[in-house]
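**Student:** Next come a sequence and a model predicted from it.
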Amino acid sequence: MIKRTSISWTIEGNTISVVPCKMEYNGATNGFALIGYHLDDHTFGYYPMNILPGVTVGSNQIDIDIDAMFREYQETNQQTVTFSVYDINNAIDRCFNAFSNYDIVGSEADSNEFTLNVAYLPFQETDILRILLSLGAAIRVHEPQIIKENLDNIYKQAITLLGES
């Protein structure tokens, strides 16, 4: 991994510069992603490697302890989504596979139902929503309310679009 320097790329005329923190493999998507510290807004972000165009490695050394910054970020920004998953169309297996790169704590609520708590960081919320949507009717989100509201809005938009066609 490139240490103590930035990497950058340009998408639609905007240059994005980050300090690489770690590379992780996502078993659900069979791809790698970069977690990096965004220099402009001082936050961490998640960048799937398959969508990055050509990357430029910076020449200036950056004097920050990115590992310590990321640990602190994890400690102060970790969030948890709590949901039940039911064994509909092999959803429990699909769920554990999809969340394989997240910290999961759960319990069996019934013979065909698990209640799970999945820890995530703010930049992973889109991925959490995508996974929950992929499980469809086999899940019921308990908390946080913002995840429930986001899913409800997506479902309502889909129903509206289906009604227009």
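**Tutor:** That came through fine. Residues are numbered from 1 along each chain as shown.
**Student:** use CA for all of it now, contacts and neighbours both
**Tutor:** Noted.
**Student:** what residue is smack in the middle of the protein?
**Tutor:** Gln124 (2.5 Å; CA atoms, centre = their mean).
**Student:** what's the strand ranked longest in the chain in contact with?
**Tutor:** As assigned by DSSP state E, the longest strand anywhere in the chain is strand 14-26. Residues external to strand 14-26 that are found in contact with it (CA atoms under 8 Å, 6 or more residues apart in numbering): 1-10, 31-40, 66-67, 70, 100-101.
**Student:** quick one on the thing from earlier: not counting sequence-adjacent ones, nearest residue to the residue nearest to the centre of the chain?
**Tutor:** Sequence neighbours aside, Tyr46 is the residue nearest to Gln124 in space, at 7.0 Å (criterion: CA to CA, 6 or more residues apart in numbering).
**Student:** Am I right that that neighbour is in contact with His38?
**Tutor:** No - using CA atoms under 8 Å, Tyr46 is not in contact with His38; the gap is 9.8 Å.
**Student:** The nearest residue to Glu113 once chain neighbours are set aside: what's it in contact with?
**Tutor:** Leaving out its chain neighbours, the residue that sits closest to Glu113 by CA to CA, 6+ apart is Tyr86, at 4.5 Å. Listed by CA under 8 Å, 6+ apart, the contact partners of Tyr86 are Ile92, Asn112, Glu113, Phe114, Ala138, Ile139.
**Student:** Could you pick out the buried ones from the residues you listed?
**Tutor:** Listed as buried from the contacts of Tyr86 are Ile92, Glu113, Phe114, Ala138, Ile139; burial here means 16 or more other CA atoms under 10 Å.
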